[in-house]
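what's the 3D shape of this:
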Amino acid sequence: MARPDSARDRILDAFEEVLVASGERAATLDAVAAAAGVSKGGLLYHFASKEALVDGLIERLDAFVEADDERMRTAEEGAVDYIIRTSVESGSPFDRALIAMSRLAQGSHEKARTALASFRARWETAIAAAVGDPAVARAVMLVSDGLYYNSTMLGAFETRDTREGAMDELIAVLGRLTPADDRSS
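Predicted structure coming up:
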């Protein structure tokens, strides 16, 4: 999802960068302004507070999740295949926003935790609709969570299991849990 290069977007990009690289405590208004290449006054023109920055990041991430949810629901190979194949960090703007929000949630930011829980519930609802079983949807989500954790914290899935078809095998195993053909949804 391409974004125009506006000062507001550069500030949000810088907020993400500081959060990902150094965590919530380092993401001061001064640090974000410096990383964005704007004055603190310029930052405050677009975001009156750190909470406003968080709100901006939540809005950005919500747009990414909405687009991702639509792609998952309409994926030709089905929702389970889609979510598993996309549960590996790729360095995309979506990933950066998700990791930045996670850094806030790892700290003490309740609004970030609530937003992440809402996004995750949206994905799980789409999976449940596709597979017809909430327990299977939860298992698929836990596998997705584990893949994403491993790729962001430990290195990409492919570097841990380089066999041709390793992801296909994982999806096949999950398919055996799936009571409905999720490609029909």
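
rest of the way, CA atoms for contacts and neighbours
Noted.

just for this protein, where's the confidence low?
Where the chain drops to pLDDT under 70, the residues are 1-5, 154-164, 179-185.

tell me the contacts of the residue positioned nearest the centre of the chain?
When the chain is reduced to its mean C-alpha position, the nearest residue by CA atoms, centre = their mean turns out to be L98, at 3.6 Å. Listed by CA atoms under 8 Å, 6 or more residues apart in numbering, the contact partners of L98 are L61.

check which helix or strand covers it.
L98 is part of helix 93-106, with elements assigned from DSSP states H and E.

buried residues in that helix?
Buried residues in helix 93-106, defined by neighbour count with 16 or more other CA atoms under 10 Å: 93-105.

and what of stretch 18-29?
For stretch 18-29, the neighbour count (16+ other CA under 10 Å) marks 18-20, 23-24, 27, 29 as buried.

what's the answer for stretch 121-136, then?
Those buried within stretch 121-136 under the rule 16+ other CA under 10 Å are 123-124, 126-132, 136.

which among those gets closest to R60?
Taking CA to CA as the measure, R60 lies nearest W123 of those, at 16.8 Å.

measure the residue of the chain most remote from its centre to L57 for me?
In terms of distance from the mean C-alpha position of the chain, G41 ranks first, at 30.0 Å (CA atoms, centre = their mean). When distances are taken as CA to CA, to the nearest Å, G41 and L57 turn out to be 19 Å apart.

correct me if wrong: L57 contacts D13.
No: applying CA atoms under 8 Å, one finds L57 not in contact with D13, separated by 9.0 Å.

distance from the chain centre to the biggest helix by length in the chain, please.
Ranked by residue count and defined by DSSP state H, the top helix of the chain is helix 50-74. When distances are taken as CA atoms, centre = their mean, to the nearest Å, helix 50-74 is centred 8 Å away from the chain's centroid.

what residues sit buried inside that helix?
Within helix 50-74, the residues scored as buried using 16+ other CA under 10 Å are 53-58, 60-62, 64-65, 68-69, 72-73.

secondary structure element holding L19?
Using DSSP H and E, the element containing L19 is helix 7-22.

could you dump that helix to CSV, C-alpha only?
Once non-C-alpha atoms are left out, helix 7-22 reads as follows in CSV (Å, rounded to 0.1, in the frame of the first residue of the first chain):
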residue,chain,number,x,y,z
ALA,A,7,5.1,15.4,6.5
ARG,A,8,2.4,13.6,8.5
ASP,A,9,3.4,10.3,6.9
ARG,A,10,7.1,10.9,7.4
ILE,A,11,6.4,11.6,11.1
LEU,A,12,4.4,8.4,11.5
ASP,A,13,7.2,6.5,9.6
ALA,A,14,9.8,8.0,12.1
PHE,A,15,7.6,7.1,15.0
GLU,A,16,7.5,3.5,13.7
GLU,A,17,11.3,3.5,13.2
VAL,A,18,12.0,4.7,16.7
LEU,A,19,9.6,2.3,18.3
VAL,A,20,10.9,-0.7,16.3
ALA,A,21,14.6,0.2,16.9
SER,A,22,14.5,1.4,20.4
